[in-house]
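Visitor: Got a predicted structure plus its sequence, pasted below:
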2 protein chains.
Amino acid sequence: MNYEKYSIGQLAKKAGCKVETVHYYEKVGLMPEPPRTEGGHRIYSLPHVKRLNFIRRSRDLGFRIEQVKELLKFIDEPNHYCGEVKAMAMQQARVVQEKIDDLQRLKSALNEMVTHCASGNKPVDDCPIVDALYTEHSTEKSTEKAT
Amino acid sequence: MNYEKYSIGQLAKKAGCKVETVHYYEKVGLMPEPPRTEGGHRIYSLPHVKRLNFIRRSRDLGFRIEQVKELLKFIDEPNHYCGEVKAMAMQQARVVQEKIDDLQRLKSALNEMVTHCASGNKPVDDCPIVDALYTEHSTEKSTEKAT
DNA sequence: ATAGAACCTATAGTTACTATAGGTTCAAGG
DNA sequence: CCTTGAACCTATAGTAACTATAGGTTCTAT
């Protein structure tokens, strides 16, 4: 027996996810419907492990399910080139950078609030943090500095 | 000065959110059930506007609904002190920092992949990015929970 | 042969909303 | 006073990406 077989539990463990997640990936079309035993249990082999690893890793990198589908399409279908994949990775890097920027602003706002709230023994209605949160600000979700 | 009244639409506009969001906040107990007109339309006034602003701003800062409830409790109930609020803000700043760290790692990984993929004209099965994604990674990077 | 772990399907729950359907009320214009 | 039509009402379903549950079946080891 050259080709090792895996139960769904073993597969999930190898990819560091849960059995239910594999079910889910099958349902949404990321993982194929594998062969079954007589009794109906799924039987996986090495390519499945690799594919699931690919999916998990892509998800960890912040690709959404639909994007992972795109990536898998590049792999599943012939005649695709590395450039397409590279472009998606670059785009994803930009998205991630934007998230980082958002969070940096957010953290600054929080830190500023904390700094202004020097003492902790004021009653709440005198708290600069609460005050800052109450302040009416521009209706737009623009991330202006919190003053 | 006076007691200006607002419809739910006006309220939502003032806080920069949607009417449905206000409905939702009422349902989950962040916003109180306001008085109504004869016909059943909600009537809001200035304190409602402030409260909704507080909620929106807290949400923007990354506090979850349940955390916002905590914060509001500090405000709604007497005998709370600024220190409790400050502690929550500091904790939130730490959470945000962790997210930033995660995303930084993620971006590095993506950038590294992109850098290695010098050319874009290789067939996909020769693409270093795809390769990197396929690679079996340490499965225990995730938080294993005790069984 | 049997216990129990692992598997099966189907459905509901999670978070924080958003969108829809199908109806009612309100304010303005004629 | 009557009619639009925008804004409102409630209730329900949908979103993303799983996770959890229920209730049943199969596999494996003793």
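Guide: Cool, the structure landed.
Visitor: Is whichever residue of chain A sits closest to DNA strand D in a helix, a strand, or coil?
Guide: The minimum distance from chain A to DNA strand D, using CB to the nearest atom of the strand, falls at residue A:39 (2.4 Å). From N, CA and C alone the C-beta is placed, and that goes for glycine too. When classified by DSSP: H, G, I helix; E, B strand; the rest coil, residue A:39 comes out as coil.
Visitor: and it, how many neighbours?
Guide: When neighbours are counted by other CB atoms under 10 Å in any protein chain shown, residue A:39 registers 5.
Visitor: Look up how far residue A:45 lies from it.
Guide: 18 Å (CB to CB, to the nearest Å).
Visitor: try residue A:71
Guide: For residue A:71, the distance to residue A:45 - CB to CB - is 21 Å.
Visitor: ok now stretch A:52-63, how far from the chain's centre?
Guide: 8 Å (CA atoms, centre = their mean, to the nearest Å).
Visitor: how about it against DNA strand D, any contact?
Guide: Yes - counting by CB under 7 Å from any atom of the strand, DNA strand D is contacted by stretch A:52-63 at residue A:59.
Visitor: How many residues are close by residue A:73?
Guide: Residue A:73: 12 neighbours (other CB under 10 Å).
Visitor: Can you say which helix or strand has it in it?
Guide: Assigned by DSSP states H and E, residue A:73 belongs to helix A:65-76.
Visitor: between residue A:71 and residue A:45, who's got more neighbours?
Guide: Neighbour count, other CB under 10 Å: between residue A:71 and residue A:45, residue A:71 has more, with 22 against 15.
Visitor: wait, doesn't that one sit right on residue A:85?
Guide: Yes - with contact defined as CB atoms under 8 Å, residue A:71 reaches residue A:85; the gap is 6.7 Å.
Visitor: which residues do those two both contact?
Guide: residue B:130 (CB atoms under 8 Å, 6 or more residues apart in numbering or on different chains).
Visitor: On the pLDDT front, check residue A:13 for me.
Guide: Turning to residue A:13, the model gives it a pLDDT of 94.
Visitor: Could you report the neighbour count for it?
Guide: 14.
Visitor: give me phi/psi at it?
Guide: Residue A:13 adopts backbone torsions of phi -60, psi -40, taken as degrees, to the nearest 10.
Visitor: returning to what we had before: rounded mean pLDDT for the helix holding residue A:73, please.
Guide: So the average pLDDT for helix A:65-76 ends up being 87.
Visitor: what does that helix contact?
Guide: Against helix A:65-76 from outside (CB under 8 Å, 6+ apart): A:28-30, A:51, A:54-55, A:58-59, A:63, A:80, A:84-85, A:88, A:92, B:124-125, B:130, B:133.
Visitor: So that helix, near DNA strand D or not?
Guide: Yes - judged by CB under 7 Å from any atom of the strand, helix A:65-76 and DNA strand D are in contact via A:65, A:66.
Visitor: Keeping just the C-alphas, turn that helix into PDB.
Guide: Output of helix A:65-76 as PDB, limited to C-alpha atoms (Å, rounded to 0.1, in the frame of the first residue of the first chain):
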ATOM      1  CA  ILE A  65     -12.800  31.800   1.500                       C
ATOM      2  CA  GLU A  66     -13.700  33.300  -1.900                       C
ATOM      3  CA  GLN A  67     -10.100  34.300  -2.400                       C
ATOM      4  CA  VAL A  68      -8.900  30.900  -1.500                       C
ATOM      5  CA  LYS A  69     -11.200  29.500  -4.100                       C
ATOM      6  CA  GLU A  70      -9.500  31.800  -6.700                       C
ATOM      7  CA  LEU A  71      -6.100  30.600  -5.600                       C
ATOM      8  CA  LEU A  72      -7.200  27.000  -5.800                       C
ATOM      9  CA  LYS A  73      -8.600  27.600  -9.200                       C
ATOM     10  CA  PHE A  74      -5.100  28.600 -10.300                       C
ATOM     11  CA  ILE A  75      -3.900  25.300  -9.100                       C
ATOM     12  CA  ASP A  76      -6.700  23.100 -10.200                       C
END
